[in-house]
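S.K.: Predicted model, plus sequence, below.
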Amino acid sequence: MDMRFTLCGPFSFRQEIKKSRFLATAGPIADEAAAKAFIAAQSDPAAHHNCWAWRCGPSYRFNDDGEPSGTAGKPILAAIDGQALDGVAVVVTRWFGGVLLGSGGLIRAYGGTAALCLREAEKTALIEAASAMITCAFGDLARVHARLADRPGVQVNDQVFTDTGAVLSVSVPKREADGVSQLVRDVTSGRAVISWNE
């Protein structure tokens, strides 16, 4: 699978093209509701156009906001996909300067402004995670916690105590899953049980 990235935080980029001002604002999103909230917050009602696109996993949307069909939202989405980004929304706001750009000019202006914004924004790699339940006895619990804490990217999300020990809910980078299974077996001499969620 190709490496995907998301943005570390919101970022803006502005430029002027043939007297029209373009402002691209990009930011990380977790889902469609977050994308809608981001778009609403970044859109300027006083501007002529607030065109946007977002991608979150297999889901995506784009909107030309009154520009000719296919000249704004789709090029913005292409800029997101072209930089292997996921969980990202981009709003490109245009204040019309009186010079018509034509379809090709609009595609270059919207897609280019979005691409330049995304290129300069700080990014972080998206790491695919796997989740598991680890059942261990009280005598092994402290060692399991300590060894899991030493593994980069491993998080203990929850812990529920039982009569004999605890059940830990953990998330692990997928590429580390086999190593974590081996670690849990080794540190508990095979007494702990780890079951991976599909």
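M.R.: Alright, I've got the coordinates. Numbers count the residues shown, from 1 in each chain.
S.K.: Following the chain onward from the lowest-mean-pLDDT helix or strand in the chain, which element is next?
M.R.: When the helices and strands of the chain are scored by mean pLDDT, DSSP states H and E, strand 123-126 comes last with a mean of 85. Next along the chain after strand 123-126, taking DSSP states H and E as the criterion, comes strand 129-137.
S.K.: For that following strand, what is the distance to the chain centroid?
M.R.: What separates the centre of strand 129-137 from the centre of its chain is 25 Å, taken as C-alpha atoms, centre = their mean, to the nearest Å.
S.K.: and what of stretch 179-193?
M.R.: Worked out by C-alpha atoms, centre = their mean, stretch 179-193 lies 32 Å from the chain centre.
S.K.: Using CSV, write out every CA atom in it.
M.R.: Listed next in CSV are the C-alpha coordinates belonging to stretch 179-193 (Å, rounded to 0.1, in the frame of the first residue of the first chain):
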residue,chain,number,x,y,z
GLY,A,179,6.4,-8.1,16.9
VAL,A,180,4.0,-7.1,19.6
SER,A,181,2.4,-10.6,19.6
GLN,A,182,5.9,-12.1,20.1
LEU,A,183,6.8,-9.5,22.8
VAL,A,184,3.6,-10.3,24.8
ARG,A,185,4.3,-14.1,24.6
ASP,A,186,8.0,-13.7,25.5
VAL,A,187,7.5,-11.3,28.5
THR,A,188,4.7,-13.5,30.0
SER,A,189,6.3,-16.9,29.0
GLY,A,190,3.2,-17.5,26.9
ARG,A,191,0.7,-17.0,29.8
ALA,A,192,-0.9,-13.8,28.3
VAL,A,193,-3.4,-14.2,25.4
